[in-house]
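Novice: How does the following fold in three dimensions:
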Amino acid sequence: MSVQFETARPVALFKPHQIIRKEQGALFRIQEGWACHYALLPDGRRQIITLYLPGDICDPRWVTGSDEPEEVLTLTAIKASPLSNRLIDGDDAERREFWRALSVIERRQRRWLLTLGRRSAGERIAYLFLEIYERMRRAGFAYGQQCAFNLTQTEIADLTGLTSVHVNRTIQGMRTRGQIELDGRWLRIPDPDLLRQVAAFHADEVVE
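Specialist: Numbering: from 1, shown residues only. Predicted structure coming up:
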């Protein structure tokens with residue numbers, strides 16, 4: 001059973017490439033759309049650190065007193081529910097939901113650190129496709145073996161630490177081998193088990 005947070009304000013709407021800023025005592029649950037947190041090098045090179053999809057709370061770290069991250073960037077139009085922080089006076093279910101959201105982000109980032117450090121280019125991109133599909137499926141936004149895929153090749157490069165040229169070449173190879181199908185903004189995975197092998201998934205690994 002999903003836990004209902006107290007709604008602080010009406011549903012919030014954000015345009016693509018708009019900043020969602022940290023607000024005192026509030027955070028957002030994404031209903032529709034994709035967003036991210038990223039960091040920049042002095043020369044402007046970007047690394048996307050956290051990807052937020054429907055169902056995610058962005059960012060639960062805002063309520064812990066942490067200064068990082070301060071803001072979130074929308075990748076698409078966003079519909080989100082502003083949520084009150086009731087960690088102190090909320091019931092046990094509300095507190096568990098918050099800490100679960102926080103721990104899921106940390107586990108995702110640990111797995112992604114392994115991916116960036118040890119997986120090959122093909123494994124990284126296969127892992128990204130699988131993670132997005134599984135997260136969208138869990139949120140009720142997958143249809144059969146396909147789901148929306150709202151990342152450009154530049155954004156995939158910023159997530160995987162590759163160049164856009166390398167991303168393009170790798171995706172074309174995956175298409176040729178029948179590992180994925182990309183049609184506009186839709187991703188289809190014909191054989192998820194095969195793609196798990198390509199991504200070097202552990203047999204018992206579960207995407208959250």
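Novice: can we go C-alpha only for contacts and neighbour counts from here?
Specialist: Will do.
Novice: residues near I49, how many?
Specialist: In terms of burial, I49 registers 16 neighbours under the definition other C-alpha atoms under 10 Å.
Novice: How about the secondary structure of W99?
Specialist: Under DSSP: H, G, I helix; E, B strand; the rest coil, W99 falls in the helix class.
Novice: Give the burial count for the residue nearest to W186 when sequence neighbours are not counted, as a bare number.
Specialist: In space, W186 comes closest to A148 once its chain neighbours are excluded; the distance is 4.5 Å by C-alpha to C-alpha, 6 or more residues apart in numbering. Neighbour count of A148, defined by other C-alpha under 10 Å: 19.
Novice: Hmm, A148 is touching R135, no?
Specialist: No: distance between A148 and R135: 11.2 Å, which falls outside the contact criterion (C-alpha atoms under 8 Å).
Novice: which ones are touching the residue nearest in space to the middle of the chain?
Specialist: Of all residues in the chain, the one closest to the mean position by C-alpha atoms, centre = their mean is L51, 2.9 Å from it. In this structure, L51 makes contact with W34, A35, C36, H37, judged by C-alpha atoms under 8 Å, 6 or more residues apart in numbering.
Novice: Could you rerun that using 10 Å?
Specialist: With contact set as C-alpha atoms under 10 Å, 6 or more residues apart in numbering, L51 has these partners: 34-38, 58, 72-75, 105, 108-109, 132, 159.
Novice: which of those lies closest to A121?
Specialist: Within the contacts of L51, proximity to A121 (C-alpha to C-alpha) peaks at L159, which comes in at 11.4 Å.
Novice: Work out for me the element the closest one sits within.
Specialist: For L159, the enclosing helix or strand under DSSP states H and E is helix 153-160.
Novice: repeat for G117
Specialist: Under DSSP H and E, the secondary-structure element containing G117 is helix 92-118.
Novice: So which elements touch the helix or strand following that helix?
Specialist: Using DSSP H and E, the helix or strand that follows helix 92-118 towards the C-terminus is helix 121-138. Using 3 or more C-alpha pairs under 10 Å, 6 or more residues apart in numbering; DSSP states H and E as the contact criterion, the elements in contact with helix 121-138 are strand 46-52, helix 92-118, strand 142-143, strand 146-148, helix 153-160, helix 164-176, strand 186-188, helix 192-198.
Novice: export those to a markdown table and tack on mean pLDDT?
Specialist: Listed next are those as a markdown table, based on pLDDT from 0 to 100:
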| stretch | mean pLDDT |
| --- | --- |
| strand 46-52 | 93 |
| helix 92-118 | 83 |
| strand 142-143 | 94 |
| strand 146-148 | 97 |
| helix 153-160 | 96 |
| helix 164-176 | 97 |
| strand 186-188 | 97 |
| helix 192-198 | 94 |
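Novice: now these in TSV, with distance to E208?
Specialist: Below are the helices and strands packed on helix 121-138 laid out as TSV (distance: least, C-alpha to C-alpha, whole Å):
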stretch	distance to E208
strand 46-52	12
helix 92-118	7
strand 142-143	15
strand 146-148	16
helix 153-160	17
helix 164-176	24
strand 186-188	19
helix 192-198	15
